[in-house]
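**Q** after the sequence you'll find the predicted model.
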Amino acid sequence: MHNDLRNRLQNVSIIGAGGKMGRGISLVLLKLIVDSNLPNDLKKCQLILIDNSLENLQSLRTYLKEQLLKYAERNIGSLRQRYIEHSNLVDNSEIIQHFLLDAESTVHTSTDISCCQNSKMIFEAVFENLELKTRIYSQLKNIVSKDTYFFCNTSSIPISEIDTKAQLNQKIIGVHFYNPPAIQKLVEVIKMPNSPAEILEVSNSLITSLGKIKVPSNDIAGFIGNGHFIREGLAILRQMNSMPNEQHESIFILNEIISKILLRPMGMFQLIDYVGLDVFDMICSTMSQYIIEDFESPLVTQMLSLGFKGGQHGDGSQKDGFFKYEKGKIIGVINLKAKCYTPITDLKIPEFQDYLCSTSWKELSKNKQAENLLTEHFKNLSKSETTPAKYAKGLLHNYIAIGQKLVEDAVTEEINNVDAVLKNGFYHLYGPGSKCLKPFQGVQP
């Protein structure tokens, strides 16, 4: 671990700690602080969690305690070694309880942003809004010392915009954790052209120490992950206009093609539901402010105007969006013409049998021979002339083209970075530059 990082970890603050992303970032940082310090050294550390909701902070404390308990139970062997000099701790329950008390002693919660005045590392995970973020950073700049580093969990807003508006003198870097941060391995690190080497070194050491996969992105709105996801999503939304089926049938057909032929963990419409139609629209709006490109989707706008937002309920279950869900499974597809959800069982799609493939994303994700199987699968797909295959091939050509454009537009230096983001952040089995897609690379649709 970088010495500067070790020193900065003694006093860390998280702004927006009670939100969905803030909770996860709080957990991974707390684990890092605990793991990086022996019990006596831990007493000098502070993790300050700041949120404007007392209810969120109370919920956060409960969440952290529950997660630390699970962590302690899984790692009781290393905890015994950690407390080897504490002869008064005998059985596992005593050791675990002592560990929890040690960890919780570092955590401080507050609704007052001035509590982070002594922090040398401040993470911000508030709503993706430039005005809000700028206001917070402007406040922080007047509270903390001049050598404090800011880590912004932005998913689409250029870091340079925040830096300029809040006058942070390049003491800010983007660390785009993927949701949920406690599980997702990927972190996009967004640097400005003039980012100091010191903050880059600390951020690189941080991501490595967290056990995450670091992928560098340049400071262009949307970065790699959303830069690809949003453009592909919009292209698929527009694809429906050229399909002969009813709109609700087209939604289902394309979603099935993406999950069953392109072998993704979920289809695009289900993924937009998961992310939230409102979040998808917000990222489109953000990117349109900085990039001359059409980021509008009349269908998403219509869905939102009718109150269909997707996202998750408080218990983590999926809210209805393009699809209606029951226990996490799709049971209906939005039929805007009829103003209701059409049950999947009522859909009449003659070519549906053409969708069935010999394998699935889930099976391939666990198969050591996945690369060979994918190569064979896409080779066969390139030769198929069924209607679903034609749609799938068009979507693949677009998938590759978007990835290549991210490199051409200098969002990232190489296609391997795009592959890394899509494979680790979106759980794709391949990326635009993967060898298994060779039949479609460099070929016009």
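**A** Ah, there it is.
**Q** can you get me a residue count around Leu406?
**A** Around Leu406 there are 25 other residues, counting by other Cβ atoms under 10 Å. The way it works is simple: take the backbone N, C-alpha and C, and place the C-beta from them, glycine included.
**Q** now Met266
**A** Applying other Cβ under 10 Å, I find that Met266 has 17 neighbouring residues.
**Q** isn't it right up against Glu256?
**A** No - assessed by Cβ atoms under 8 Å, Met266 is found out of contact with Glu256, at 10.7 Å.
**Q** if you count contacts, what does the worst-scoring helix or strand of the chain on mean pLDDT end up packed against?
**A** Every helix and strand of the chain was ranked by mean pLDDT, DSSP states H and E. The lowest is helix 39-42, at a mean of 82. When contacts are defined as 3 or more Cβ pairs under 8 Å, 6 or more residues apart in numbering; DSSP states H and E, helix 39-42 sits against helix 92-105.
**Q** which strands or helices does the helix it packs on pack on?
**A** helix 20-35, helix 39-42, helix 54-74, helix 76-82.
**Q** tell me the most buried of the ones you listed?
**A** When those are scored by mean count of other Cβ atoms under 10 Å, the highest mean neighbour count falls to helix 20-35 (a mean of 21).
**Q** the inter-axis angle of it versus helix 92-105?
**A** Angle, helix 20-35 to helix 92-105, by axes from the mean of the first three to the mean of the last three Cα atoms, to 10 degrees: 120 degrees.
**Q** quick one: contacts for the residue most central in space within the chain?
**A** What sits nearest the mean C-alpha location of the chain, by Cα atoms, centre = their mean, is Tyr178, with 2.3 Å. Applying Cβ atoms under 8 Å, 6 or more residues apart in numbering to Tyr178 gives the contacts Gln184, Leu186, Val187, Glu188, Gly225, Asn424, Gly425.
**Q** go on, Glu124?
**A** Ile14, Ile15, Gly16, Lys133, Ile136, Tyr137, Phe150, Phe151, Cys152, Asn153.
**Q** OK, contacts around the second one?
**A** The reference is to Ile15. Applying Cβ under 8 Å, 6+ apart, the residues near Ile15 are Gly22, Ile50, Asp51, Ile113, Cys116, Ile122, Phe123, Glu124, Ala125, Val126, Ile136, Leu140.
**Q** wait, a helix at Leu304?
**A** Yes - note on Leu304: a helix contains this position according to DSSP: H, G, I helix; E, B strand; the rest coil.
**Q** hang on, it packs against Val279?
**A** No - assessed by Cβ under 8 Å, Leu304 is found out of contact with Val279, at 10.7 Å.
**Q** secondary structure class for Asp147?
**A** coil.
**Q** for it, which non-adjacent residue is closest in space?
**A** Lys120 (6.7 Å; Cβ to Cβ, 6 or more residues apart in numbering).
**Q** tally of neighbours for the one you found?
**A** Based on other Cβ under 10 Å, the number of other residues close to Lys120 is 20.
**Q** give the phi and psi angles for it, as a check.
**A** The phi and psi values for Lys120, taken as degrees, to the nearest 10, are phi -100, psi -10.
**Q** ok, Ser53 next?
**A** phi -120, psi 120.
**Q** was I right about it contacting Gly16?
**A** No - judged on Cβ under 8 Å, Ser53 makes no contact with Gly16 at a distance of 10.0 Å.
**Q** comparing those two, which residue is more hemmed in?
**A** Gly16 (25 against 12).
**Q** surely that one meets Ile122?
**A** No - judged on Cβ under 8 Å, Gly16 makes no contact with Ile122 at a distance of 10.9 Å.
**Q** re earlier: weakest of the helices and strands packed on helix 92-105 by average pLDDT?
**A** Ranked on mean pLDDT, the bottom entry among the helices and strands packed on helix 92-105 is helix 39-42, at a mean of 82.
**Q** now stretch 151-166: mean pLDDT?
**A** 97.
**Q** give the buried residues for that stretch.
**A** Across stretch 151-166, burial judged by 16 or more other Cβ atoms under 10 Å covers 151-163, 166.
**Q** same deal with stretch 417-431?
**A** Buried, per 16+ other Cβ under 10 Å, within stretch 417-431: 417-426, 428-431.
**Q** list just the nearest of the residues you listed to Thr62.
**A** Gly425 (28.0 Å; Cβ to Cβ).
**Q** distance of that closest one from Ser305?
**A** 30 Å (Cβ to Cβ, to the nearest Å).
**Q** where along the stretch 201-350 of the chain do the strands fall?
**A** 213-218, 323-326, 329-335, 340-343 (DSSP state E, counting those that start in this stretch).
**Q** mind giving me CSV with those strands and columns for mean pLDDT?
**A** Shown next, in CSV, are these (pLDDT from 0 to 100):
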stretch, mean pLDDT
strand 213-218, 97
strand 323-326, 97
strand 329-335, 97
strand 340-343, 96
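**Q** tell me which of those sits nearest to Asn380.
**A** strand 329-335 (26.7 Å).
**Q** pairing partners for that closest one, with directions?
**A** strand 323-326 (antiparallel), strand 340-343 (antiparallel) (DSSP bridges).
**Q** and those: which comes nearest Ala410?
**A** strand 323-326 (36.6 Å).
**Q** residues in contact with that closest one: which ones?
**A** By Cβ under 8 Å, 6+ apart, strand 323-326 touches 255, 269-270, 273, 317-319, 330-334, 341.
**Q** buried ones in it?
**A** Phe323, Lys324, Tyr325.
**Q** show me how far it is from its chain's centre.
**A** 22 Å (Cα atoms, centre = their mean, to the nearest Å).
**Q** can I get it as CSV, trimmed to CA atoms?
**A** Extracted as CSV, the C-alpha positions of strand 323-326 are listed here (Å, rounded to 0.1, in the frame of the first residue of the first chain):
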residue,chain,number,x,y,z
PHE,A,323,-41.6,-5.5,-18.0
LYS,A,324,-43.8,-6.5,-15.2
TYR,A,325,-42.0,-8.7,-12.6
GLU,A,326,-43.1,-11.3,-10.2
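**Q** burial measure for Cys284, as a count.
**A** Neighbours of Cys284 using other Cβ under 10 Å come to 23.
**Q** let me redo that: Gln167
**A** Based on other Cβ under 10 Å, the number of other residues close to Gln167 is 10.
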